[in-house]
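*Asks:* Mind folding the following:
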Amino acid sequence: MPDYSLFALISASLHDQRRCYQVVVAFVLLVFSTTLRADGAKVTEVPKQVIPVSIPEAKPRNVVFILSDDHRFDAMSFMGHPLAETPQMDAMVRNGVHLKNAFVTTSLCSPSRASILTGLYTFRHKVIDNQRMVPEGTIFFPQYLQEAGYRTGFVGKWHMGHASDEPRPGFDYWVSFKGQGHYLPPDPDYTLNVNGKRVKQEGYITPVLTRYALEFLRQQETEQTPFFLYLSHKAVHGDFVPEEKYRGRFSDKPFSLPASAKPSEGNQANRPRWLLDQRNSWHGMDFPLYSTDRIEEIYKAYCEALCSVDDSIGAIVEELKAMGIYEETLLIYMGDNGYMFGEHGLIDKRVAYETSSRVPLLMQCPELFQGGTVVDEVTANIDIAPTIMEAMGLQKPPHMDGRSLLSLAAGEAVPWRKHFLYVYYWEQNYPQTPTHFCLRGDRFKYISYYGLWDTDELFDIQADPHEQNNLIHDPNYAQAKVEMQSQLFDMMDELGGMQIPLNAPRGKQRNQRLRDAGIHGIGGEKAADFPDAFITDEPLRSIVK
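*Replies:* Just a heads-up that it's a prediction; the model follows:
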C-alpha cells in the first residue's frame, strides 16, 4: 500500500468533486501500474497523468531551491576548507540544517538534475548523458505544484537537451540558456531565453541569474498562492571564470595536493587499471582538461567563482526577509555533483568516489528546523522532489524513489535507508571512465566496474574515508564483499536497473594522452600494471592428464 490512506485523501477532497475524481483515478492507475519487488515492496511505474494529492490539514509553504554546478561536499568554510569562503552557506548551517552525507545518483550534470526533478534513480528516468533531451513522458515534480495551483519559476541552467533553452513543463516563469551557458557573454548579441523571448545577457552570469530570481520573488508579493523557485546556477562549472571582483582573491592562500594524488609505481595496492591510466587524460590531474594548468591554479579559480554563488544565497535570504516570509519559507541549497582536484589522481567527476558523488546539502526554515542541526543519515538528490512536495502540502507520488527529508531535518527518529545506489554509464565522449554500479552504506562502499578485465573495489568508509585501501581481495573482508555485492544487484533488480540503457554516440571524443606522460611523469604511452591480486607466478591447473 502507498504511503497515504486513500480514504483520508478522498474525505479531504470531498469539497472539490474534480479533486475527488482525480484521487480515485490516481488510485486506479496506481493499482494497475504497481509491480512487486523481490522484498515484497512495490515499485510503481511513472504515471501518464499529473494528479496532485493534498496532505490533509497541511499548511503549504513557499520553497526556494538553489542548485550549483560541480560544488564538492567540503568546499565551504564551515567545513574547514583551506580555500573556500562561504559566509552565506555558513549562516544557513547556523540557522538551519546540514545534511552532511548527501549524494547524487550519478555524478554528471544532466542525470543528476533529472533525478532532482523526477525523484527517480538514473536507470529509471534514463537521462544517462549530457547530450539528449529528456525522454518523452517524463514527469517533473513542479508539474504537480503547477497543477495544484502554485506559482513556479525556473532560473538558470537546465542542460537536459543542451541544444535547446525553450521553457520546459512545470514552470510559469522561465529564464535559461542553451547547454552550459557562459560566465560572460561570448559576443555582444548573445542572449538568454526569458519567458520565451531573446534577452541579452548583461554581465557575469551568477548575479544576472540572481536578479531574475529576485524579480520572480517580487512578483509574488501581492499573490496569495504559495510559490516554488528553482534557481539553477551555471557556477561553478569549468572552465572556471571568477567574477571580476573575486579574481585572484585566493592566489596567495597556501595549497597542498591531497595525499591520494601521489603517483605510485606498479599496482601493489590493487587499484583499477582504468583509474591509474586516467591520470594522464582529460579527467586526470597530469593532463587536466587537456591543459598544462596545475591543480592549484584550477582549484583556486573554482573557489573564487563559488564566492558569487554564496553572494546569490545572501541576496535571496535578504529578499525573503524584506517580503516578510523568511521564517516560513523553506530554503534548500545543493550541488548537482561533486568534483575532484587531485583525489585518486583525477580531476572532474563521474566516478563513485566520495569527492565525486558527495555534495553539499543545506536546508533552512526557522518555522520547521532548529539552527545548527546536523543529519548523519545518507540522503540523496532523489529526496529533493518528495521534500519540496511535502513542504508545499502535497503527497509524494508513489512512483518516486526518494523520500522527504523534512522529518530527518526536524530531528525526528524515523526509519531510514541503509544503502544508496550510484550508477554511471560509459560515454564515448569521455571513454576513460567505465560503466559502474555502486552500493554505499554507512560503513562499506562496493563498486563494480562493468565489462572490464579489472578489479572491483570495496572500501571501509569509516576506517578509510579517503578510499585508499581496496579490501576486495582481502580474505578478512570476504563476507562483506559477498553481502555488499548481493545487496547491490538485488536493489538494482528490484528497481528495474538490470537492463543497461544505451545512447548512440554524440559529441566530441576526448581520448588523448600526453606522450611525455604529463606533469608527474606517470603514464604516457605505457598502460597501467594489472592489480597485484591478478598476477600468478605458477600455472593454476593442468589440462593434459
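
*Asks:* List the contacts of residue 506.
*Replies:* Residue 506 makes contacts with 129, 131-132, 429, as judged by CB atoms under 8 Å, 6 or more residues apart in numbering. (Glycine included, C-beta is placed from N, CA and C.)

*Asks:* can you rerun that using 10 Å?
*Replies:* Residue 506 makes contact with 129-132, 427-429 under the criterion CB atoms under 10 Å, 6 or more residues apart in numbering.

*Asks:* As JSON lines, those residues with secondary structure, distance to residue 362 and pLDDT would be great.
*Replies:* Listed next are those as JSON lines, based on DSSP: H, G, I helix; E, B strand; the rest coil; distance: CB to CB, whole Å; pLDDT from 0 to 100:
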{"residue": "129", "secondary structure": "coil", "distance to residue 362": "28", "pLDDT": "92"}
{"residue": "130", "secondary structure": "coil", "distance to residue 362": "26", "pLDDT": "90"}
{"residue": "131", "secondary structure": "coil", "distance to residue 362": "31", "pLDDT": "85"}
{"residue": "132", "secondary structure": "coil", "distance to residue 362": "31", "pLDDT": "81"}
{"residue": "427", "secondary structure": "coil", "distance to residue 362": "30", "pLDDT": "93"}
{"residue": "428", "secondary structure": "coil", "distance to residue 362": "36", "pLDDT": "91"}
{"residue": "429", "secondary structure": "coil", "distance to residue 362": "32", "pLDDT": "91"}
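
*Asks:* Redo those as a markdown table? Include neighbour count and distance to residue 113.
*Replies:* Below are the contacts of residue 506 laid out as a markdown table (neighbours: other CB atoms under 10 Å; distance: CB to CB, whole Å):
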| residue | neighbour count | distance to residue 113 |
| --- | --- | --- |
| 129 | 23 | 12 |
| 130 | 21 | 10 |
| 131 | 19 | 14 |
| 132 | 17 | 13 |
| 427 | 22 | 16 |
| 428 | 16 | 21 |
| 429 | 16 | 18 |
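
*Asks:* Pull the most distant pair out of those.
*Replies:* Using CB to CB, those reach their maximum pairwise distance at 132 and 428, which is 13.2 Å.

*Asks:* What mean pLDDT does the longest helix along the chain get?
*Replies:* Identified as the longest helix of the chain according to DSSP state H is helix 295-322. The average pLDDT within helix 295-322 is 98.

*Asks:* could you pull out the helices for the protein?
*Replies:* Taking DSSP H, the helices of the chain run over residues 6-13, 17-32, 87-95, 109-118, 122-125, 141-147, 205-219, 273-277, 295-322, 354-357, 384-391, 406-409, 478-495.

*Asks:* quick one: low-confidence ranges for the stretch 1-150 of the chain?
*Replies:* Applying pLDDT under 70 to the stretch 1-150 of the chain picks out residues 1-42.

*Asks:* The same query, at a cut-off of 90, please.
*Replies:* For the stretch 1-150 of the chain, the stretches with pLDDT under 90 are 1-44, 131-137.

*Asks:* List the residues that contact residue 523.
*Replies:* Listed by CB under 10 Å, 6+ apart, the contact partners of residue 523 are 263, 276-281, 284, 286-287, 345, 513-517.

*Asks:* For it, which non-adjacent residue is spatially closest?
*Replies:* residue 280 (3.2 Å; CB to CB, 6 or more residues apart in numbering).

*Asks:* From what I see, the one you found and residue 524 are in contact.
*Replies:* Yes - contact criterion CB atoms under 10 Å: residue 280 and residue 524 qualify, at 6.4 Å.

*Asks:* hey, what's in contact with both of those two?
*Replies:* Common neighbours of residue 280 and residue 524 (CB under 10 Å, 6+ apart) are 286, 513-518.

*Asks:* of those residues, buried ones?
*Replies:* Burial by neighbour count, 16 or more other CB atoms under 10 Å: within these this picks out 286, 513-514, 517-518.

*Asks:* that older thread, report the set of residues contacting both of residue 132 and residue 428.
*Replies:* 503-504, 506.

*Asks:* Among those, which has the minimum pLDDT value?
*Replies:* Minimum confidence in the shared contacts of residue 132 and residue 428 sits at residue 506, scoring 83.

*Asks:* Which residues are in contact with the residue nearest to residue 254 when sequence neighbours are not counted?
*Replies:* Nearest non-adjacent residue to residue 254, counting by CB to CB, 6+ apart: residue 82, 7.0 Å away. Taking CB under 10 Å, 6+ apart as the criterion, residue 82 is in contact with 74-75, 250, 253-256, 299, 303.

*Asks:* Compare those residues and tell me which is most surrounded.
*Replies:* residue 75 (26 neighbours; other CB atoms under 10 Å).

*Asks:* and that one, what is it in contact with?
*Replies:* With contacts defined as CB under 10 Å, 6+ apart, residue 75 is in contact with 68, 81-84, 86, 89, 236, 299, 302-303, 306, 335, 338-339, 341, 355, 360.

*Asks:* Just the buried subset of the residues you listed, written out for ChimeraX, thanks.
*Replies:* Those of these that count as buried under 16+ other CB under 10 Å are selected in ChimeraX with:
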select :68,83,84,86,89,236,299,302,303,306,335,338,339,341,355,360
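
*Asks:* Do you know the pLDDT at residue 161?
*Replies:* Residue 161 carries a pLDDT value of 79.

*Asks:* Am I right that it is in contact with residue 132?
*Replies:* Yes - judged on CB under 10 Å, residue 161 makes contact with residue 132 at a distance of 6.4 Å.

*Asks:* before we move on, the earlier item: from residue 299, how far out is the residue nearest to residue 254?
*Replies:* 10 Å (CB to CB, to the nearest Å).

*Asks:* And for residue 128?
*Replies:* 29 Å.

*Asks:* correct me, but residue 309 touches residue 87?
*Replies:* No - contact criterion CB under 10 Å: residue 309 and residue 87 do not qualify, at 12.0 Å.

*Asks:* higher neighbour count, the two?
*Replies:* Shown here are residue 309 and residue 87; by other CB under 10 Å, residue 309 has more neighbours (27 against 15).

*Asks:* Report the contact partners of the more buried one.
*Replies:* Residue 309 neighbours (CB under 10 Å, 6+ apart): 66-69, 71, 86, 88-89, 206, 209-210, 231, 233-236, 243, 333, 335.
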